[in-house]
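Participant: sequence-free structure coming up:
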């Protein structure tokens, strides 16, 4: 009985940790620019969702556009 309970608790813990990692944010390093006069930026941002370049790009473009910046390149995407 104790063994069955410990197996169930272990399985529940693993399921919760997997769900938490799916919700984890990503750290994105990127290059951006602003025209007139030309300014280049290398910055780091934290974005929610899956950790891949396509998701990071989709989330960063409107944020940067609001600051008058154009995304040039995603350099790296790392899960926190």
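Facilitator: Nice, I can see it. Everything quoted here is computed from the prediction, not taken from an experiment.
Participant: wait, what's in contact with the residue positioned nearest the centre of the chain?
Facilitator: Residue closest to the mean C-alpha point of the chain, counted by C-alpha atoms, centre = their mean, is residue 26 at 2.2 Å. Residue 26 sits next to 46, 47, 48, 49, 50, 51, 55, 56, 77, 78, 79, 80 when contact means C-beta atoms under 8 Å, 6 or more residues apart in numbering. Placement of C-beta: from N, CA and C, glycine included.
Participant: Could you tell me which of those residues count as buried?
Facilitator: 47, 51, 55, 56, 77 (16 or more other C-beta atoms under 10 Å).
Participant: in this structure, what secondary structure element scores lowest on mean pLDDT?
Facilitator: helix 2-22 (a mean of 44; mean pLDDT, DSSP states H and E).
Participant: For the very next helix or strand once past it, the averaged confidence score.
Facilitator: With elements assigned by DSSP states H and E, the helix or strand that comes after helix 2-22 is strand 26-34. Here strand 26-34 scores 97 as its mean pLDDT.
Participant: Can we start the residue count at 45 from this point?
Facilitator: Got it, the first residue is 45 from now on, which makes the last one we talked about strand 70-78.
Participant: and the following helix or strand past strand 70-78, what does it pack onto?
Facilitator: Heading C-terminal from strand 70-78, the first helix or strand you meet, by DSSP H and E, is strand 83-91. Secondary-structure packing of strand 83-91 (3 or more C-beta pairs under 8 Å, 6 or more residues apart in numbering; DSSP states H and E): strand 70-78, helix 97-110.
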